[in-house]
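Visitor: got a predicted model here, sequence first, then my questions.
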Amino acid sequence: MSADTRALGAPGTNQLVDVPAVDDQLVLALPKGRILKELRPLLTHAGIVPEAEFDNEDSRLLRFATNVPNLSIIRVRSFDVATFVAFGAAHLGVAGNDVLMEFDYPEIYAPLDLGIGKCRLSVAEPAALGESDDPSRWSHVRVATKYPEVTKRHFAARGVQAECVKLNGAMELAPTLGLCRRIVDLVSTGSTLKANGLVEIEHIADVTSRLIVNRAAFKTRPEEISRWIERFREAVNARQA
Ligand SMILES: Nc1ncnc2c1ncn2[C@@H]1O[C@H](COP(=O)(O)OP(=O)(O)OP(=O)(O)O)[C@@H](O)[C@H]1O
Ligand SMILES: O=P(O)(O)OC[C@H]1O[C@H](OP(=O)(O)OP(=O)(O)O)[C@H](O)[C@@H]1O
């Protein structure tokens, strides 16, 4: 296949046909990693089959054709999904509301909870500190987190000033190594906290992944985008039935 053609087929099928790549394709931004795994059955139910290269872990391709002629997928980091969609570089995307809360982009509309990527955003600290700590007495707190904006807003709401140290992963190491005594991070089973001697002391928000849409794109291409929202809604309903 030449560089400017893609393996495409009729919507809802996996039939392969060579057609030229076009500029007016709808772009769906998907996160790498755990969300993508949970998302695959919903994609299939919505009638989206990525080209085979999408499942090749050694591939350096970042944009993928699908069986739907005017829809391509980009695979990016979870925080970057929101940025691509907010700037209109992608029309649609899938992102956790942890990411959406952190950026709070007005350009993003999140019409559908996909019910995947379930976890919570919490404040945690060493178990020994948790036994005697009284968060209602704090006026200032130092926190290691991937979510500085959410953290500052959470504490500011009750008059506590949060000083955030930005990390991109492995937040649970920060208290043991003396970086900060508290962290704000995602918790699902709680096993990462437990393995690192930490306990949850405050719940900030429940987290799930959402289908997101660029608001300007929704205005200019309402029929196509509404159709995709409905297809994903049907996929979510079928999964829950
Ligand atoms: N333990 C978890 N259980 C369920 N969902 C989670 C969990 N951790 C993260 N998530 C959800 O998955 C999204 C991506 O998670 P995470 O940041 O761990 O992935 P990643 O592949 O490491 O991303 P990146 O490399 O882009 O930072 C989060 O924004 C959140 O919505
Ligand atoms: O409560 P648990 O089930 O243990 O899940 C929580 C862990 O999952 C996420 O990390 P991830 O595994 O994505 O690694 P990361 O630190 O690289 O983000 C999160 O940042 C926690 O560390």
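Guide: Received the coordinates, thanks. Ligands and ions are numbered 1, 2, ... in the order given.
Visitor: which strands and helices sit next to the top strand by length along the chain?
Guide: When the chain is scanned for its longest strand (criterion: DSSP state E), the result is strand 198-207. Strand 198-207 sits against helix 97-103, strand 119-126, helix 127-132, helix 148-156, strand 182-187, with contacts defined as 3 or more CB pairs under 8 Å, 6 or more residues apart in numbering; DSSP states H and E. In this view, the C-beta of every residue, glycine as well, is placed from N, C-alpha and C.
Visitor: report the angle between the axes of it and strand 119-126?
Guide: Orientation note: strand 198-207 sits at an angle of 160 degrees relative to strand 119-126 (axes from the mean of the first three to the mean of the last three CA atoms, to 10 degrees).
Visitor: what mean pLDDT does the following helix or strand past strand 198-207 get?
Guide: Counting by DSSP states H and E, the next helix or strand C-terminal to strand 198-207 is strand 209-214. If you average the pLDDT over strand 209-214, you get 98.
Visitor: what's near enough to touch Asp98?
Guide: Neighbour list for Asp98: 119, 121, 147, 150, 186, 205, 207 [criterion: CB atoms under 8 Å, 6 or more residues apart in numbering].
Visitor: rerun at 6 Å
Guide: Contact partners of Asp98, counting by CB atoms under 6 Å, 6 or more residues apart in numbering, are 121, 207.
Visitor: quick one: it from Asn168, how far?
Guide: Asp98 sits 13 Å away from Asn168, going by CB to CB, to the nearest Å.
Visitor: ok, now Arg210?
Guide: Separation of Arg210 from Asn168 (CB to CB) stands at 22 Å.
Visitor: of these two, give the one with the bigger neighbour count.
Guide: Neighbour count, other CB atoms under 10 Å: between Arg210 and Asn168, Arg210 has more, with 23 against 8.
Visitor: for that one, which non-adjacent residue is spatially closest?
Guide: Nearest residue to Arg210, sequence neighbours excluded (CB to CB, 6 or more residues apart in numbering): Ala110, at 4.2 Å.
Visitor: excluding its backbone neighbours, what's nearest the residue nearest the centre of the chain?
Guide: By CA atoms, centre = their mean, the chain has its centre lying nearest to Ala95, at 2.6 Å. Spatial nearest neighbour of Ala95, excluding adjacent residues (CB to CB, 6+ apart): Val81 at 4.6 Å.
Visitor: please identify the helix or strand for that neighbour.
Guide: Using DSSP H and E, Val81 maps to helix 78-86.
Visitor: for the chain, what are the low-confidence residue spans?
Guide: Scanning the chain for pLDDT under 70 picks out 1-23.
Visitor: near ligand 1, which residues of it? Just list them.
Guide: The chain comes close to ligand 1 at residues 31-35, 77-79, 96, 98-99, 117-119, 186, 188, 207, 209, as judged by CB under 6 Å from any ligand atom.
Visitor: can you list the domains in this structure?
Guide: Annotated domains of the chain cover 5-117+208-240, 119-206 [automatic domain parsing].
Visitor: how long is the last one end to end?
Guide: When you say that, I think you mean domain 119-206. With CA to CA, to the nearest Å as the measure, the first residue of domain 119-206 is 6 Å from its last.
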